[in-house]
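> could you work out the structure for the sequence below:
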Amino acid sequence: MKISRTWKAVVGGLAAGAAAAATAVQDGTVTAAEGVTIVLAILGAYGVTWVTPNRQTATPPRDL
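Got it, this is the predicted structure:
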């Protein structure tokens, strides 16, 4: 399966943002600091995931 760098970064950012948001809403409100943390988690995950290269396969897949 081939996943492009763009979609890999989007999924990574959404996962990090969802985790940060779930933690932030535990008390029923989201403060400005928690909002900043959510945004930074999303942007950080985008950046880290974007620069991480996809692993190359050792041999090209065969058509059957």
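
> figure out how far stretch 13-23 is from the centre of its chain.
Here stretch 13-23 shows a centroid-to-chain-centroid distance of 9 Å under the convention CA atoms, centre = their mean, to the nearest Å.

> give the buried residues for it.
Within stretch 13-23, the residues scored as buried using 16 or more other CB atoms under 10 Å are Gly13, Ala16, Gly17, Ala20, Ala21. In this view, the C-beta of every residue, glycine as well, is placed from N, C-alpha and C.

> what do you get for stretch 31-46?
Using 16+ other CB under 10 Å as the test for burial, stretch 31-46 gives Glu34, Thr37, Ile38, Ala41, Ile42, Ala45, Tyr46.

> also stretch 42-61?
Buried residues in stretch 42-61, counted by 16+ other CB under 10 Å: Ile42, Ala45, Tyr46, Thr49.

> and of the buried residues of stretch 13-23, the nearest to Thr6?
Comparing the buried residues of stretch 13-23 against Thr6 with CB to CB places Gly13 closest, at 10.8 Å.

> quick one, what contacts that closest one?
Residues near Gly13 by CB atoms under 8 Å, 6 or more residues apart in numbering: Ile42, Leu43, Ala45, Tyr46, Thr49.

> got the residue ranges for the helices in the protein?
Taking DSSP state H, the helices of the chain run over residues 5-24, 32-51.

> which one of those lies closest to Ala58?
Taking CB to CB, helix 5-24 is the member of the helices of the chain nearest to Ala58, at 20.3 Å.
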